[in-house]
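Enquirer: Got a sequence here, can you model it:
(chains A and B)
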Amino acid sequence: MKRVYLDAIAAAPLAPGVLEAMRPFLETDFGNPQSLHSDGQAAAEAIALARERVAALIGADPAEIIFTSSGTESNNLAIKGLAQAQRARGNHIIVSAIEHASVLNAVKTLEKAGFTAAFVPVDRSGRVDPAEVGRIIRKETILVSVMAANSEVGTIEPIAEIAREVRLKAPGAVIHTDAVAAAGHVPLNVRSLGVDALSLAGNAFYGPKGSAALFVKKGTKIVPQIEGGIQESGRRGGTENVAGIVGMGEAARLAAETMPERVARMSALRNRLIQELPRRVDRVYLTGSAERRLPYHASFCVEFIEGEAMLLSLDFKGIAASSFSACTSKSLKVSHVLLAMGLDHTLAQGSLIFSLIDSTTSEDIDAVLEAFPPIVERLRDMSPLYTQFKKEHGR
Amino acid sequence: MIYSDKVMDHFQNPRNVGTLPDADGVGQVGNPVCGDMMTFYVKVKDDRLTDVKFQTFGCGAAIAVSSMVSEMAVGKTVEEAMAITNEKVAEELGGLPKNKMHCSNLGADALHAALENFKAKAAGETAGPTVVADHAHGHEAEGAPEKCPYCEGPVEDAAGMCSCKKCDLDLVECGHCHLYTNKAETHCTHCGALLES
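Expert: Modelled structure (predicted):
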């Protein structure tokens, strides 16, 4: 059975050519970029080229790129490192209610160290209102972090508008955006966004796992979180993951090159899911914004049934998707994103996300549209909530 | 796969799904907030369970557990059925993942609730109400747990502030089910009751 893989937000394969670009740095050109000899310098040159390519993807200067090991590390470095560097100026931090755990938990740690945090809410579509940021900002606000796009509901946030609001009300505050879900998939330019820091991860745009970066604008102070040698200009210690960095660089080059075509193609496939699924199955709701949305992302809540049961059933049909219901999380907590958007617990349990990869075809979408209705029907027939609903509506 | 073959079999081909309009007892346990909700219907003749049906809202484990309970209960006497425990059900299924043991493994409680309902009716309380089992069944307030309910990590209890060292969660006792739950939540992740802030 041909597998239909629609879980890009969890993992994606390498883009063609990325592994080939990486291979020499695992085998023949294995030198340490900090070494003075030719073997080391070959690796250093490869990193310099990758740095240029990653910078080009987001309109930054190469010197503004710090390579890290994951989006999580980039977010930790940004939140803790930027806040600590600004500590003398104030202790107030603003983040959105729907940030990734790597931002929210880093903020929690800062709170224990004397910082205070405010959480800006989102509307029903998962969008942060820039005016709301303006309302809760204070003169002692030192850091504002709102994600560029949310991987659970696909909504793209108005970062440029938020940044303008921050500059107006608290000109000294540093602005960070977690762009892990967005980078490589939608055009991003750090200058027009007006941000001081931006997290991105290679594995989120067809590069290797273990490759990520943090953009930090020239002149912005940051306190290193991994202390060691002088790698990454002293901002992140540890021997460079040369092959990973090279792979991320190649993936960034390809992502920039293929973006217009890919966005158009994937948006069309995604739109078929968004339009057709609710047509074929009663009481299925799109989560997140219909307009300002990641091109590869279609997310829903299916009423009366639970996400994990849907995932297992889809897996039997050869389809990989994801869910943020309580039962699918190790902590047994329902998605904080869906609750922040005002969905009730029961509906949030029916969370289901299809996230497309580059090789997703029209036939793959057909397979989902065909497999999904009977799965929902079977699980609803078992559901006491659906029986109750039918009774109340005389069906 | 996170589940045993037996769990997957019961999830894919659940036995005894449905309702019994003329049930002698109906019981319900759980609620959608914590992710799982089970309703059991029983028919009893000459002290034996002649028919058992269930409906379940929940994950794969919850559905498999319900199915297994129904299979274990049919043909048993009321007393024998009351002796079925959640632990025995999990054992029959070839085990369940640790984090599913509490939340999803409630089938026996739901069956017992249906049997209590049957007993109440039989005792003359005609058309007795559906018994809703207390999700906290078996859990009394015992102070802070030794292990984190989420990751089984060690729990530190200092001056009434209870937290897990491993997953760094602050834990608070739910006033309804008395289990310790994530303090950051608005509702108890075990029983769904609103947490008092």
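Enquirer: Assign B:Lys6 to helix, strand or coil.
Expert: Using DSSP: H, G, I helix; E, B strand; the rest coil, the structure places B:Lys6 in helix.
Enquirer: So for it, what's the pLDDT?
Expert: B:Lys6 is assigned a pLDDT of 95 by the prediction.
Enquirer: Excluding sequence neighbours, find me the nearest residue to it.
Expert: Distances taken as C-beta to C-beta, 6 or more residues apart in numbering or on different chains put B:Gly94 closest to B:Lys6, at 4.5 Å, once the chain neighbours are dropped. For every residue, glycine as well, the C-beta is placed using N, CA and C.
Enquirer: Wondering if stretch A:311-319 reaches chain B at all.
Expert: Yes - using C-beta under 8 Å from any C-beta of the partner chain, stretch A:311-319 comes into contact with chain B via A:Leu312, A:Phe316.
Enquirer: about what we covered before: looks like the residue nearest to B:Lys6 contacts B:Met8 (just checking).
Expert: No - B:Gly94 is beyond contact range of B:Met8, at 10.0 Å (criterion: C-beta atoms under 8 Å).
Enquirer: more neighbours, those two?
Expert: Per other C-beta atoms under 10 Å in any protein chain shown, whichever of B:Gly94 and B:Met8 has more neighbours is B:Met8, with 18 against 13.
Enquirer: My read is that the more buried one contacts B:Gly60, right?
Expert: Yes - using C-beta under 8 Å, B:Met8 is in contact with B:Gly60, at 7.5 Å.
Enquirer: can you tell me how far the residue nearest to the spatial centre of chain B sits from A:Glu240?
Expert: Per C-alpha atoms, centre = their mean, the C-alpha nearest to the average position across chain B is that of B:Leu106, at 1.7 Å. Per C-beta to C-beta, to the nearest Å, B:Leu106 is found 51 Å from A:Glu240.
Enquirer: likewise A:Gly228?
Expert: 11 Å.
Enquirer: who has more neighbours, these two?
Expert: Shown here are A:Gly228 and A:Glu240; by other C-beta under 10 Å, A:Glu240 has more neighbours (21 against 12).
Enquirer: in what helix or strand does the residue of the stretch 101-250 of chain A found nearest chain B lie?
Expert: When scored by C-beta to the nearest C-beta, the stretch 101-250 of chain A has A:Asn105 as its residue closest to chain B, at 7.2 Å. Assigned by DSSP states H and E, A:Asn105 belongs to helix A:101-112.
Enquirer: I'd like to know which elements that helix is packed against.
Expert: In this structure, helix A:101-112 makes packing contacts with helix A:71-85, strand A:92-96, strand A:116-120, judged by 3 or more C-beta pairs under 8 Å, 6 or more residues apart in numbering or on different chains; DSSP states H and E.
Enquirer: List the single closest residue to the residue positioned nearest the centre of chain A in space, sequence neighbours excluded.
Expert: Taking C-alpha atoms, centre = their mean, the centroid of chain A lies closest to A:Ala181, which sits 2.6 Å from it. Leaving aside its sequence neighbours, A:Ala181 sits nearest to A:Ser151 (C-beta to C-beta, 6+ apart; 4.0 Å).
Enquirer: Check A:Val368 too.
Expert: Counting by C-beta to C-beta, 6+ apart, A:Val368 lies nearest to A:Ile319, which is 6.0 Å off, once chain neighbours are set aside.
Enquirer: repeat for A:Tyr5
Expert: A:Ala320 (4.9 Å).
Enquirer: elements contacting the host helix or strand of A:Val246?
Expert: A:Val246 is part of helix A:242-280, with elements assigned from DSSP H and E. Contacts defined by 3+ C-beta pairs under 8 Å, 6+ apart place helix A:242-280 against helix A:18-22, helix A:38-57, strand A:284-286, strand A:297-302, helix A:362-382.
Enquirer: Just name the most buried of these.
Expert: For the helices and strands packed on helix A:242-280, the largest average neighbour count (mean count of other C-beta atoms under 10 Å in any protein chain shown) is found in strand A:297-302, namely a mean of 27.
Enquirer: Listing partners with orientation, what would you give for that strand?
Expert: Next to strand A:297-302 in the sheet, as set by DSSP bridges, lie strand A:284-286 (antiparallel), strand A:351-355 (antiparallel).
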